[in-house]
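# model the following, please.
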Amino acid sequence: MTTTTVQTFRLPDVGEGLTEAEIVTWHVAVGDPVTVNQIIVDIETVKSIVELPSPYAGEVVELLAPEGGTAAVGAPIIAIRTVAAPTGEPEPRLLVGYGAKDPARSRRRRGGPAPTEPADAPVKGRPRAKPPVRKLAKVLGVDLASVEPTGPDGTVARAEVIRAAEQSRAAEVPRTAGRRAGAETRIPIKGVRKHTAAAMVASAFTAPHVTEFVTVDVTKTLELRAAIQRRREFRDVKLTPLAFVARAYLWALARTPMAAARWDEPAQEIVVPAGVNLGIAAATPRGLVVPNIKDAHTLGLLDLATAIHDLAATARAGRTTPEAMAGGTTTITNVGVFGVDTGTPILNPGETAILAVGAIRRRPWVVEDAAGERIEPRSILGLALSFDHRVLDGQEGSQLLADTAALLAEPGLAVL
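Predicted coordinates for the structure are as follows:
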């Protein structure tokens with residue numbers, strides 16, 4: 001004999017010290033059937049949009065938290081009627097990303113190679129794409145079947161997936177209603193913007209900021225970029241100047257590793273990490289987020305450029321995960337995309353240094369060589385470095401900024 005039970009699913013802490021979250025979108029309604037691990041709701045935490053899967057299989061009885069409302073961790077958000085097995089055994093409660101792993105996925109021998117799909121193997125009725133592109137499409141919520149392939153042999157390229165995600169995201173943004181002249185508008189402070197505001201105030205009044213500036217001729221770096229972009233392996237990669245700045249900054253950090261350290265106030269210690277998780281500040285419709293590239297110091301230019309591009313696309317699509325936001329060691333913020341020459345960036349909380357990258361402009365510049373001095377039009381970039389003076393002294397901060405600028409001026413220094 002089977003029995004039914006109404007189970008209540010409570011808002012979990014998704015692993016970032018969450019205290020509350022906004023209910024963004026329900027993917028189910030009362031009366032809908034649900035299965036274990038089916039995505040039922042999108043929530044907005046202080047850092048990102050997170051999809052929550054159902055821990056139960058059954059039928060939706062009631063939605064206990066409205067869209068647009070805020071729920072506290074532990075508060076009930078949905079009621080699901082489940083059916084117990086005749087043996088009385090409880091329904092499985094496997095949450096993807098939370099708790100136990102799927103046994104079927106753990107049968108692969110530890111340390112053995114993961115099963116992979118051939119890059120160009122056609123599957124009947126399935127769009128053709130390389131495994132990294134399929135992974136990106138899954139992260140961004142793009143159905144590959146809806147993307148027109150323009151790559152070799154009818155494959156879907158990375159750029160097409162990103163374009164589809166951005167178009168989908170733009171279509172979701174509602175048009176702003178016209179406002180009466182003289183009428184004020186009140187916007188609730190919540191979600192990402194609330195977290196960013198609190199974090200920036202805490203950082204500004206905790207770490208003693210020092211900001212230094214440098215202007216550098218990056219003409220040779222842009223010439224190198226043009227040459228590299230013509231190479232076959234970079235054909236499907238958007239190779240931006242930011243990738244070269246990131247590469248130069250990582251090179252400079254290897255010479256000043258304390259810049260990737262953090263100040264541990266309770267322990268009265270400076271903690272120097274084993275590597276660099278490079279944060280890239282990204283402006284999104286919901287506010288500023290700073291996901292980071294794990295172990296960025298181990299990446300070559302191709303992988304670094306790809307990671308930066310995917311990171312930005314994921315952030316704009318609102319798909320940045322809490323894991324991608326955690327564990328950053330230093331940050332780059334690209335204000336140049338807004339046509340700004342440079343700025344005085346505020347440290348990401350818990351970090352020691354942040355590099356602001358300005359717009360590249362053609363300017364008259366004094367060029368000096370064996371023939372003497374002359375004025376030429378050159379490509380000029382402004383950089384600004386803010387750092388925590390508790391961790392870095394003036395000499396170390398200046399050296400970090402100077403090393404970054406030196407490699408951008410003379411990219412051949414990287415071979416030294």
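
# backbone dihedrals for Phe205, please?
phi -100, psi 10 (degrees, to the nearest 10).

# kindly apply the preceding question to Asp13 instead.
Dihedral angles of Asp13 (phi, psi; degrees, to the nearest 10) stand at phi -80, psi 120.

# how is this structure divided into domains?
For the chain, the structural domains run 3-105, 131-170, 198-415, going by automatic domain parsing.

# could you dump those into TSV and include distance to Arg186, mean pLDDT and mean neighbour count?
For glycine as for every other residue, the C-beta is placed from the backbone atoms N, C-alpha and C. Formatted as TSV, the domains of the chain follow (distance: least, CB to CB, whole Å; pLDDT from 0 to 100; neighbours: other CB atoms under 10 Å):
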stretch	distance to Arg186	mean pLDDT	mean neighbour count
domain 3-105	15	79	16
domain 131-170	25	76	16
domain 198-415	17	92	18
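
# all the strands of the stretch 251-400 of the chain, in order from the start?
Ranges of strands in the stretch 251-400 of the chain, per DSSP state E, counting those that start in this stretch, are 262-264, 269-271, 278-280, 282-284, 287-289, 292-293, 330-334, 353-369, 372-388.

# export the ones you listed to JSON lines and tack on distance to Glu323?
As requested, the strands of the stretch 251-400 of the chain are arranged in JSON lines below (distance: least, CB to CB, whole Å):
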{"stretch": "strand 262-264", "distance to Glu323": "18"}
{"stretch": "strand 269-271", "distance to Glu323": "20"}
{"stretch": "strand 278-280", "distance to Glu323": "13"}
{"stretch": "strand 282-284", "distance to Glu323": "16"}
{"stretch": "strand 287-289", "distance to Glu323": "13"}
{"stretch": "strand 292-293", "distance to Glu323": "10"}
{"stretch": "strand 330-334", "distance to Glu323": "17"}
{"stretch": "strand 353-369", "distance to Glu323": "21"}
{"stretch": "strand 372-388", "distance to Glu323": "25"}
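
# which one, of these, ends up nearest to Val133?
Val133 sits nearest to strand 292-293 of all the strands of the stretch 251-400 of the chain, at 18.4 Å, using CB to CB.

# from Val83, how far off is Ile308?
48 Å (CB to CB, to the nearest Å).

# hang on, Ala282 packs against Val290?
Yes: assessed by CB atoms under 8 Å, Ala282 is found in contact with Val290 at 7.2 Å.

# okay, the domains of the chain in CSV with distance to Thr185 next?
As requested, the domains of the chain are exported to CSV (distance: least, CB to CB, whole Å):
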stretch, distance to Thr185
domain 3-105, 17
domain 131-170, 22
domain 198-415, 16
